[in-house]
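Colleague: Below: sequence and its predicted model.
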Amino acid sequence: MQKRFDDYRLFWQEFRHTFESTGAVLPSGRSLSRALASQVGKSKSPQHILEVGPGTGAVTNSIIPRLGPHDRLDLVELNERFAVVLRDRLKSDPVWQPVAGRMRILEMPVEEIDDCGCYDVIVSGLPLNNFSCDLVEHILQHFHRLAAKSAQLSFFEYVALRKAKSLWSKAQERLRLSGIERLLQREFDSWQFSRQCILANVPPAWVHHLCLPGYIEADTKSMQHAATVESAQ
């Protein structure tokens with residue numbers, strides 16, 4: 001119980017100081033965490049899993065029990081204080097310790113990871129609605145580069161957040177939010193196979209599950225599209 005209160009306090013502090021990159025007042029609740037982790041452990045083959053923005057490890061707690069005996073898990077966390085908590089848990093948490101040898105904590109932006117086409121499952125806790133349109137597009141493109149063939153991408157957003165913010169935002173902010181809406185809808189239309197509404201979370205959230213084509217296939221399609229555009233000019 002004390003650990004949970006410590007996590008809540010740290011999230012509140014980081015929300016106040018680094019709102020753009022933290023984006024949440026509280027860690028993900030158990031129902032949301034389980035939904036985000038639901039695509040892990042569905043393959044009989046060893047999987048390489050990437051969790052982006054794990055915070056203090058709420059979703060990680062739901063991922064670890066689903067790991068197969070040869071699965072590997074990378075945690076990418078940009079926030080220095082959260083990364084310290086994750087490293088401490090890797091050393092002392094009895095749930096984390098048995099798989100510590102198959103886990104890495106990478107303190108860097110996800111865009112700096114060069115392991116193209118190697119992740120079978122990507123779980124993201126990034127607050128995309130807080131970012132610029134350019135950054136959101138760059139992150140989504142990089143998820144495609146990191147994805148193995150038919151990789152599963154799971155991420156969440158709070159229910160009706162963009163619509164609610166648009167009601168009281170200035171024109172420039174509404175333009176940013178509508179741009180993010182278009183970027184995400186493009187991904188949903190192309191790759192989404194399921195979504196869940198998690199009402200038992202504060203606040204309620206949508207969890208989106210996408211099946212990505214993979215780095216090689218995505219790159220080939222991109223080149224084919226570029227060639228089509230060039231020939232039409």
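Modeller: Alright, I've got the coordinates. Numbering: from 1, shown residues only.
Colleague: OK, contacts around residue 108?
Modeller: 76, 78 (C-beta atoms under 8 Å, 6 or more residues apart in numbering). Just so you know, the C-beta spots here come from the backbone N, C-alpha and C atoms, and that holds for glycine as well.
Colleague: Return the helix or strand in the chain with minimum mean pLDDT.
Modeller: Here the helix or strand of the chain ranked lowest by mean pLDDT, DSSP states H and E is helix 19-22, holding a mean of 44.
Colleague: which element follows that one toward the C-terminus?
Modeller: Using DSSP states H and E, the helix or strand that directly follows helix 19-22 along the chain is helix 30-36.
Colleague: just checking, what packs against that following helix?
Modeller: helix 58-63, strand 147-158, strand 192-198, strand 205-212 (3 or more C-beta pairs under 8 Å, 6 or more residues apart in numbering; DSSP states H and E).
Colleague: Which neighbours in the sheet does the following helix or strand past it have, and how are they oriented?
Modeller: Scanning forward in sequence from helix 30-36 by DSSP H and E, the next helix or strand is strand 48-52. Strand 48-52 sits in its sheet next to strand 72-76 (parallel), strand 119-124 (parallel), going by DSSP bridges.
Colleague: who touches the residue nearest to residue 30 when sequence neighbours are not counted in this structure?
Modeller: Closest residue in space to residue 30, ignoring its immediate chain neighbours: residue 62 at 7.5 Å, by C-beta to C-beta, 6 or more residues apart in numbering. Going by C-beta under 8 Å, 6+ apart, residue 62 touches 30, 33-34, 36-37.
Colleague: Return a selection command, for use in PyMOL, containing the buried ones of those residues.
Modeller: Command for PyMOL that selects the buried part of the contacts of residue 62, burial taken from 16 or more other C-beta atoms under 10 Å:
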select buried, resi 33+34+36+37
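Colleague: any weak-confidence spans in this structure?
Modeller: 1-27, 216-233 (pLDDT under 70).
Colleague: So for it, the centremost residue is which one?
Modeller: residue 124 (0.7 Å; C-alpha atoms, centre = their mean).
Colleague: Can you tell me the closest non-neighbouring residue to it?
Modeller: residue 155 (3.9 Å).
Colleague: my guess is that neighbour contacts residue 121, does it?
Modeller: No. Counting by C-beta atoms under 8 Å, residue 155 stays clear of residue 121, with 11.7 Å between them.
Colleague: Using a markdown table, please lay out the contacts of residue 62 together with distance to residue 136.
Modeller: Output for these, formatted as a markdown table (distance: C-beta to C-beta, whole Å):
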| residue | distance to residue 136 |
| --- | --- |
| 30 | 27 |
| 33 | 23 |
| 34 | 26 |
| 36 | 18 |
| 37 | 23 |
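Colleague: Of the contacts of residue 62, just say which sits nearest to residue 189.
Modeller: For those, the closest approach to residue 189 (C-beta to C-beta) belongs to residue 36, at 21.5 Å.
Colleague: quick one, what contacts residue 74?
Modeller: With C-beta under 8 Å, 6+ apart, residue 74 has these contacts: 48-51, 103-104, 106, 119.
Colleague: With that, I have no additional questions.
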